[in-house]
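Colleague: Below are the sequence and a predicted model for it; my questions follow.
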Amino acid sequence: MALLELQGLTKTFGGLTAVDHLDFDVNEGEIVGMIGPNGAGKTTVFNLITGIYPPDEGAISFNGQSLLGLRPHVITELGIGRTFQTIRIFPNLTCMENVMAGQHCRARAGVLGAIFQPKSQRLEEEQIWQEAERCLRFMGLWDKGAELAKNLPHGDQRRLEIARALATEPRLLILDEPAAGLNEQETGELMGLIGQIRESGITVLLIEHDMRVVMGISDRIIVLDNGEKIAEGTPKEVQGNPRVIEAYLGRE
Amino acid sequence: MKDLFVRLKALGQHQGYAILAIVGLLFPWIARTDRWVQVANFFFIYALLGLSLNIILGYAGLFQLGHAAFYAVGAYTTAILSTRFDVPIFVLLPLSGLLAVLFAVLISRPILHLRGDYLCLVTIGFGEIVRIALRNDVSSLIFLAKVPGLRFLEGKLKDMVITGGPNGIFGISRPSILGFTLRQQWHYFYLFFAFVAFTIFAMRRLENSRLGRAWTCVREDELAAEAMGIDTVHVKLLAFAIGAAWAGVTGGLYASWVTVIAPESFSFWESVIMFCIVVLGGTGSIPGVMVGTLGMVVLPELLREVLLNIQQWRMLLFGAAMIVMMVIRPEGLWPSQRFRRELEAARERVAGAQA
Amino acid sequence: MEQLPQQLINGLTIGCFYALIALGYTMVYGVLRLINFAHGDLFMLGAYLGLVTLMGAAVNVGISASLLIFLLIFTAVMAVVAGVGILLERVAYRPLYRAGRLPPVISALGASIFLQNAVMLIYGARYRTYPEEFKEVIPDVVWNLGGARITLIQVIMLVIALLLMAGLYLFVQRTRVGTAIRAVALDHDTARLMGIDVYRIIVIVFLIGPALGAAGGIMVGLFYGRIYFTLGFSYGLKAFTAAILGGIGNIPGAMVGGLLLGVVEALATGFVSDQWKNAIAFFILIFILILRPTGLLGERVAEKL
């Protein structure tokens, strides 16, 4: 059984079919890349998986459990963490606070815990703090922990978003164009980090336009065009596929 | 004035609170006359209301313009149960809070997903409905007897008096503990002071807790918050519930202090005053709410001694002050740091889009 | 309990007033996405200014020239309130267009409080009565429509209201300025690119809306006889309900919504209870916002991510 299974996934907006009977799997421990021309429906697939809106048809199962009808925060609790195509960090919070937010679903303290601060709550806060620190260090942002997120340069903001997603303790990490806007050096570092994330036991599914990244780190690649899967395979197989080349006509 | 604030901040939070506590405890001695202690009591009540609304409006960022409804539920619960069943006040206070919470959960669940201005209107609507219901009293429901099958209601409802209609309820008992009944203004002073102190303590704890962080995230970017595993509906509901609980208890305190309550004390304009206390004082910040209460409640009382006709002009000046404040200092007099940043961000975003 | 036809006539009458006020809300919301809380108080101001000028005219000019004077006063009051509306926009709203969601709400509330209390201080806290003299000019003709009474005065006011609404509709649909208003309501930036002076359009909207509200104010004064400084709050909130009912930002919607709300309210007064009629209006507001916020005639807005 694959970690994530999509079957017959379909979504239309008005007259436009954004995702058309899509089937694919992601196995535990893999790094899977999703590519395709703009408007191919990639982000829509991510939004469907994470429960932002429901599919019109089809099934999504994660770890054997159906994700249909579940609200996004429940899906995150089940173990899927994500980043957004347009960065959606909390701009007026510090980096540390941003990442701590990710730990919300892994803690339990409520109103009474907050006000009276019993031992269990203080222990929990300590753990939240430590986990947030760990994620920030992992992404190389620890020295910027007290800075406001909106003051960070673009590259750091992307990394902050990943750190925050890591703080939700995911089994599957979904990254939407994590390399967008990064320079050469940052991209190289990102590739290394994604590899380390996989080594720590987290499965990765990513959308990317930067071919160096996708071809470089993916075990498998899925190619979308007009909402349909047109190819699937190892980077080498996909690169040589005439349909893929045709869909990208003129693009690198 | 600003200098004083800055120096207070510099003193460090703990010393600052300690000084305020000492001044507070000695106040009835310093004040000499009953009148000023009464003003202080008014200050405390509105400060509590402001702090309770601060949770909903300041922390969670929900536009609540019907907060007086929760206040009313608490006050009337205390009033009715005290005058009819002689339940002691200190038992009624938590009960009032509880009923306010139930009411809040009931009405907020269907409206939580609404966007800012729409939520605003719905809360105004609810506030008005509560006030109208209190004014009409149960006997006004007699029209239901026209429905076939409910004819029996005619006899039952005709003379039923629960809320006391437009005249309200009088003769609410005063709080008593271990045989001692509170009667003087300075008795109430210490009771209210203790409540406010506890409230500030609890609010500060909430601000810096997991829940407080969740509220801030929801306020910053609701979708992202939801995607990060925060149950935004639950978190918003909690804001309403906690805010309502505090307002309800405050209602009970108020009822047992003035011993006479009427629907007009819980009108839309009361909600507006609470709203202004929070926003003009400084949204989301506890010192801001204190300053806001001073400005909206204490200042007019001070001025009354000086300018005789100030009562009439009070609201007019407030209206003008609200406009002026929003133009020159929208973040309030003593804003929370975050809110100031959010406003700057909003301005920058628009400026960027204009460029 | 009065009969159904009478209820309907009453309902349509008050519905016209709601519609006139609702148009102001809906137009401002359309171009600014802002709820002008002070709009109801502009309607109230119209009622008071109408009272003052009518009383002055009745004393000074004499009854014989009345109908013409009446129409002149009507127009004059509309113009003055329109002026106040423009002033309101300039002082309380324009500085806050870039300030976020909260400041304009507070400012609008402040303006509302200011207007209400200004009127209270000038004209007194008790209700005022509209002069009866003008009612004597118009013959006291009453028609009987299937059991319902309708007076000539009522008919005249309905006609004026409907003319104003029709005029507005044609203005918005057929003229260049009207089309510009609709463009700005759809998208500021695109309208600007098309060469439309958005600020000028906003000012025009703040001219028309309050003017219509003022007309409604005078009519309410004439029809019900009594006015008080809190009129703006009750009528305002109900008119806003009407605007939402018809789809906020939708001009024909505001007209339909107003009439519909008037009828519903009249039926409620007759069959339920007079005491609860305001609460019923608010229930309607809440239900619509929860279930179908785009209103009866509004379009569904797709969720953007």
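Modeller: Yes, it's here.

Colleague: which residues touch residue 35?
Modeller: Picked chain A for this. Applying Cβ atoms under 8 Å, 6 or more residues apart in numbering or on different chains, we find residue A:35 in contact with A:42, A:207, A:208, A:209, A:211, A:214, A:221, A:222, A:223, A:224, A:238. C-beta: built from backbone N, CA, C; applies to glycine.

Colleague: Just the buried ones out of the residues you listed, please.
Modeller: The neighbour-count test (16 or more other Cβ atoms under 10 Å in any protein chain shown) marks A:42, A:207, A:208, A:209, A:214, A:221, A:222, A:223, A:224, A:238 as buried among the contacts of residue A:35.

Colleague: So which of those residues sit within strands?
Modeller: Members of the buried ones among the contacts of residue A:35 lying in strands (criterion: DSSP state E): A:207, A:221, A:222, A:223, A:224.

Colleague: Relative to residue B:261, how far out is the fourth one?
Modeller: What that stands for is residue A:223. The spacing between residue A:223 and residue B:261, counted by Cβ to Cβ, to the nearest Å, is 70 Å.

Colleague: what does the stretch 151-300 of chain B have sitting close to chain C?
Modeller: B:223, B:268, B:272, B:275, B:276, B:279, B:280, B:283 (Cβ under 8 Å from any Cβ of the partner chain).

Colleague: Buried subset of those residues, written for ChimeraX?
Modeller: A single ChimeraX command is used to select the members of those judged buried by 16+ other Cβ under 10 Å:
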select /B:268,272,275,276,279,280,283
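
Colleague: Now do the helices in the chain.
Modeller: You didn't say which chain, so I picked chain A. A:42-49, A:72-78, A:95-102, A:111-116, A:119-138, A:154-167, A:184-199, A:211-217, A:235-240, A:242-247 (DSSP state H).

Colleague: Actually, chain C is the one I wanted.
Modeller: Under DSSP H, chain C gives helices at C:4-32, C:39-60, C:66-88, C:102-123, C:133-137, C:152-174, C:176-186, C:188-193, C:198-224, C:231-245, C:251-271, C:277-291.

Colleague: Of those helices, which stretch is the most buried?
Modeller: helix C:231-245 (a mean of 27; mean count of other Cβ atoms under 10 Å in any protein chain shown).

Colleague: mind checking which of the helices of chain A is nearest residue B:208?
Modeller: Nearest of those to residue B:208, taken as Cβ to Cβ: helix A:111-116 at 8.2 Å.

Colleague: pLDDT averaged over that closest one, what's the number?
Modeller: Computed over helix A:111-116, the mean pLDDT rounds to 90.

Colleague: Flag every buried residue along that helix.
Modeller: For helix A:111-116, by 16+ other Cβ under 10 Å, it's A:111, A:113, A:114, A:115.

Colleague: And the residue of the stretch 151-252 of chain A that's closest to chain C?
Modeller: Among the residues of the stretch 151-252 of chain A, residue A:176 lies nearest to chain C; the distance is 11.3 Å by Cβ to the nearest Cβ.

Colleague: what's the neighbour count on the residue lying closest to that residue once chain neighbours are set aside?
Modeller: Closest residue in space to residue A:176, ignoring its immediate chain neighbours: residue A:85 at 4.3 Å, by Cβ to Cβ, 6 or more residues apart in numbering or on different chains. Residues lying near residue A:85 (other Cβ atoms under 10 Å in any protein chain shown) number 16.

Colleague: how about the contacts of residue A:35 in a markdown table, adding distance to residue B:143 and pLDDT?
Modeller: Compiled in a markdown table, the contacts of residue A:35 are given as follows (distance: Cβ to Cβ, whole Å; pLDDT from 0 to 100):
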| residue | distance to residue B:143 | pLDDT |
| --- | --- | --- |
| A:42 | 59 | 90 |
| A:207 | 61 | 93 |
| A:208 | 66 | 91 |
| A:209 | 66 | 87 |
| A:211 | 73 | 87 |
| A:214 | 70 | 91 |
| A:221 | 69 | 93 |
| A:222 | 65 | 92 |
| A:223 | 67 | 92 |
| A:224 | 61 | 90 |
| A:238 | 73 | 88 |
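
Colleague: Relative to chain A, how far out is residue C:32?
Modeller: 25 Å (Cβ to the nearest Cβ, to the nearest Å).
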